[in-house]
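In: A predicted structure for the sequence below; I have some questions about it.
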Amino acid sequence: MLSGPLPETAAVIEALAARDTPQFALTNMPQSKWPGVQAISPKHFGLFRDAIVSGDEGVIKPDRRIYEIVLARTGLSAGDLLFIDDSAANIAAAEALGFHTHHFTDPARLRDAVEAHGLI
């Protein structure tokens with residue numbers, strides 16, 4: 001994230017946007033750092049409909065409350081969302097609430113996971 005977009009991830013973000021699939025960010029980041037991260041790739045971060053930043057919310061993943069904030073802000077149910085994260089603990093917390101998940105360990109596998117959920 002801090003060294004710029006990964007080509008495989010950027011391609012998935014663009015493909016989702018082309019289908020008008022809503023995308024949301026959930027980050028365990030201090031509020032002061034978020035604008036700088038967005039500036040690294042404004043094209044891609046600009047495709048997200050909303051960003052839930054833990055520094056703004058006062059709670060971090062994997063705390064259940066952050067996922068409840070996501071549900072309230074998006075207006076969607078957990079079963080309507082595919083949560084993608086590189087932390088196994090965060091994935092487990094999201095699954096416990098009924099989110100569909102993908103444990104991000106390899107950028108090359110992201111597109112297949114998103115396609116498997118019928119999103120692109």
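Out: That came in fine, so what should we check first?
In: Just the C-alphas of stretch 85-96, formatted as CSV.
Out: Provided in CSV are the C-alpha atoms of stretch 85-96 (Å, rounded to 0.1, in the frame of the first residue of the first chain):
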residue,chain,number,x,y,z
ASP,A,85,-7.5,-8.6,4.1
ASP,A,86,-4.0,-9.8,4.6
SER,A,87,-4.4,-10.7,8.3
ALA,A,88,-5.8,-14.1,9.3
ALA,A,89,-7.2,-12.6,12.6
ASN,A,90,-9.1,-9.9,10.7
ILE,A,91,-10.5,-12.5,8.3
ALA,A,92,-11.6,-14.7,11.2
ALA,A,93,-13.4,-11.8,12.8
ALA,A,94,-15.2,-10.9,9.6
GLU,A,95,-16.2,-14.5,9.0
ALA,A,96,-17.6,-14.7,12.5
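In: What are the buried residues along that stretch?
Out: The neighbour-count criterion (16 or more other Cβ atoms under 10 Å) identifies 85, 90-91, 93-94 as the buried residues of stretch 85-96. Bear in mind the C-beta positions are built from the backbone N, C-alpha and C, glycine included.
In: now it: mean pLDDT?
Out: Stretch 85-96 comes out with an average pLDDT of 98.
In: now the most centrally placed residue in the chain, which residues is it bridged with?
Out: Closest residue to the average C-alpha location of the chain: residue 25 at 4.1 Å, with Cα atoms, centre = their mean. Following DSSP bridges, residue 25 is listed with bridge partners residue 51.
In: Now do it against residue 54, distance only.
Out: With distances defined as Cβ to Cβ, to the nearest Å, the gap from residue 25 to residue 54 amounts to 11 Å.
In: What of residue 105?
Out: When residue 105 is compared with residue 54 (using Cβ to Cβ), they lie 22 Å apart.
In: Compare these two (neighbour count), which wins?
Out: For residue 105 and residue 54, the more surrounded residue by other Cβ atoms under 10 Å is residue 54, and the numbers stand at 19 against 9.
In: Many thanks, have a good one.
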